[in-house]
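**Q** the sequence and its predicted three-dimensional model are supplied below.
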Amino acid sequence: MSTSIKLQMRQSQSLVMTPQLMQSIRLLQFNHTELLNFIEQEVERNPLLEVASGETDMKVEEFPEQPSAGSDDASQFGGEGYVEVKETGSDQLASSLDGDFENVYPDDNGEKRPDTPELAASWKSMPGASGSSDAFDIDDFAAQPVTLRDHVVEQIAFAFSNPADRLIAVELADLLDSAGYLDGSMQSIAKMLGTDPLRVEAVLERLQQFDPPGLFARSLSECLAIQLKRKNRFDPAMVAMVNNLELLARRDFQSLGRICGVDENDLLDMLAEIRALDPKPGTLFETGHSELVVPDVLVRQAADSSWLVELNPDTLPRVLVNQSYSAKISAKLPKSGEGRDFLNECMQTANWLTRSLDQRARTIVKVASEIVKHQDAFLLNGVDHLRPLNLKTVAEAIGMHESTVSRVTSNKFMLTPRGVFELKYFFTVSIASASNGEAHSAESVRHRIRTLIDAEDPFGVLSDDDLVKMLKELGIDIARRTVAKYREALSIPSSVQRRREKRARAKIAIG
């Protein structure tokens, strides 16, 4: 056997993930905000890219001509109420207005106020003195929302006269969380401030009297106790209930009534009082704002009852390549060199970005159209008619890979006649039919479970077995453990807990 080194040429095909291909895949997964940020960065790096504003210049010819005062069309504008402006010059218009300073100060008997240099200088230095409103910012005049700390510190200034106690109170106010609870131990706070823990406890007791009631509590039971003390309702029975909140969470009213030493009617009254309390008093000062979801796809019904699917123009960025600027710069550059290489690279990147954005828009429309095709019954009749759908079905229908469909449906929203839904909402697990008919969507089954539980009688609460039987009567073949899993996912308690709670509410309503 002889060994030797040989040089051979082979031709093969392989998929290579180039940087531009990886970036194109990332573009599919971007939501509206991420896409705008990416385009903004590319525009800053590439001088050949421009973002179309979408604004069109207003032409004077688009507006109807103003009729003259003597024409017959003047009656259409109110007859005598129509005023013709003959002089359009600024000087002529100003001369027709009453700009005499003698009418500005009627109490000065016609005497003009002196125009001092100090007043003129101070007036010119004010923002907006030049007649432009760009110097003003409306946010400078808007009142800032009052935070929880601001509300507490304002009360501390009036409640504590001793500077040391005020310092401890401010330190405790800094430890409040968003719900109004105190996060920290008295020992650590006293050690940090170098004072006696008993003094910190005394300051805390004073702080717990602040408004709204329940602030500076260290637990839920203490928060409820503070509010009950404020209402003078913290009697021994209430103390026992507050100390056994775990029984209240389990709806074990029988054990709770025995511990509190009250009968059923008194226990129902106590439950009504507990329900009226605020377990998170600090949330009244939350300044968070909910973000508005901008849909990427718009779906509406046409005149022939078909569905029209289009991209939202507000979320569709228009990126243009400035060919004239490129030609102008190219004419001044030599045929080779760093400048020419940079210009060619910018042109390639700009063309790639425009093609990728166009391909991204087409892919989103394809996926959304296929989803609408499968879920037309949902658009017409609601969530009960949502059909099971998976990524593979859509991918095979449009001739793409499942991973591509998954990226397209991530963080994308669709505006339908039923509301705004994420594209992933329409992909649900299939549940078999009890009568060998069409399969049911898991989301529609969860909706049916919630509907059945909401409509149940307080004295005839449905168990999981009862739900299985009722769903089979509706043509849904589902196991009991699946019903329990869906019920827990919907944060619905068990039948035992619901029976106790609904009976208690029913008796409260009757009483």
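**A** Happy to help now that I have it. Residues are numbered from 1 along each chain as shown.
**Q** helices and strands of the chain: which one bottoms out on pLDDT?
**A** When the helices and strands of the chain are scored by mean pLDDT, DSSP states H and E, helix 90-96 comes last with a mean of 46.
**Q** pLDDT below threshold where in the stretch 151-300 of the chain?
**A** Residues of the stretch 151-300 of the chain meeting the criterion pLDDT under 70: 287-291.
**Q** over to the stretch 1-150 of the chain?
**A** The stretch 1-150 of the chain contains residues with pLDDT under 70 at 1-2, 15-18, 20, 53-143.
**Q** stretch 308-320 spans what distance, first to last residue?
**A** 27 Å (Cα to Cα, to the nearest Å).
**Q** now do that stretch: everything it contacts.
**A** For stretch 308-320, the surrounding residues in contact (Cβ atoms under 8 Å, 6 or more residues apart in numbering) are 32, 35-36, 39, 43, 49-52, 54, 294-302, 350, 353-354, 357, 361, 364-365, 368-369, 372, 415. All C-beta spots, glycine's among them, are computed from the backbone N, C-alpha and C.
**Q** which of those fall within helices?
**A** Among the contacts of stretch 308-320, the members falling in helices (DSSP state H) are 32, 35-36, 39, 43, 350, 353-354, 357, 361, 364-365, 368-369, 372.
**Q** among those, which one sits closest to Ser433?
**A** Val372 (23.4 Å; Cβ to Cβ).
**Q** would you list the phi and psi of the nearest residue to that closest one once chain neighbours are set aside?
**A** Here the nearest residue to Val372 in space, its sequence neighbours aside, is Trp307; by Cβ to Cβ, 6 or more residues apart in numbering that works out to 5.0 Å. In terms of degrees, to the nearest 10, the main-chain angles of Trp307 are phi -110, psi 130.
**Q** and Ala327, by the same measure?
**A** Residue torsions, per degrees, to the nearest 10, at Ala327 are phi -70, psi -40.
**Q** distance check, it against Leu320.
**A** Counting by Cβ to Cβ, to the nearest Å, the separation of Ala327 from Leu320 is 15 Å.
**Q** tell me which of these two has more neighbours.
**A** Taking neighbours as other Cβ atoms under 10 Å, Ala327 and Leu320 compare with Leu320 leading, 12 against 9.
**Q** that one bridge partners, please.
**A** Glu50 (DSSP bridges).
**Q** Gln155: which element?
**A** Following DSSP states H and E, one finds Gln155 within helix 148-159.
**Q** which other helices and strands contact that helix?
**A** helix 163-174, helix 197-207 (3 or more Cβ pairs under 8 Å, 6 or more residues apart in numbering; DSSP states H and E).
**Q** out of the ones you listed, the one nearest Glu246 is which?
**A** Glu246 lies closest, by Cβ to Cβ, to one member of those: helix 197-207, at 25.4 Å.
**Q** give me the contacts around the closest one.
**A** Under Cβ under 8 Å, 6+ apart, the answer for helix 197-207 is 152, 156, 159-160, 165, 168-169, 172-173, 182, 186-187, 189-190, 193, 215-216.
**Q** which of those are buried?
**A** 152, 156, 159-160, 165, 168-169, 172-173, 182, 186, 189-190, 215-216 (16 or more other Cβ atoms under 10 Å).
**Q** Arg387: which of the residues you listed is nearest?
**A** Checking these against Arg387 by Cβ to Cβ gives Leu215 as the nearest, at 50.5 Å.
**Q** before we move on, what SS does the closest one have?
**A** Leu215 falls in the coil class when you classify it by DSSP: H, G, I helix; E, B strand; the rest coil.
**Q** quick one, phi/psi of it?
**A** Dihedral angles for Leu215 - degrees, to the nearest 10 - are phi -70, psi 160.
**Q** out of the helices and strands packed on helix 148-159, nearest to Leu28?
**A** Closest approach to Leu28 among the helices and strands packed on helix 148-159 (Cβ to Cβ): helix 163-174, 45.3 Å.
**Q** can you give the contact residues for the helix or strand that that closest one is followed by?
**A** Under the assignment DSSP H and E, the closest C-terminal helix or strand after helix 163-174 is helix 186-193. By Cβ under 8 Å, 6+ apart, the residues outside helix 186-193 that reach it are Leu167, Ile168, Glu171, Leu172, Leu175, Asp196, Pro197, Arg199, Val200, Glu201, Leu204.
**Q** buried among those residues? Need that as a selection in ChimeraX.
**A** Command for ChimeraX that selects the buried part of the contacts of helix 186-193, burial taken from 16+ other Cβ under 10 Å:
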select :168,172,199,200,204
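**Q** before we move on, back to that, tell me which residues of the helix holding Gln155 are tucked away?
**A** Of all the residues in helix 148-159, those buried under the rule 16+ other Cβ under 10 Å are Leu148, His151, Val152, Gln155, Ile156, Ala159.
**Q** the last one reaches Asp211, doesn't it?
**A** Spelled out, it's Ala159. No: counting by Cβ atoms under 8 Å, Asp211 is not a contact partner of Ala159; they are 11.1 Å apart.
**Q** before we move on, back to that, which members of the contacts of helix 186-193 are the farthest-apart pair?
**A** Using Cβ to Cβ, the pair of those lying farthest apart is Leu175 and Asp196, separated by 18.1 Å.
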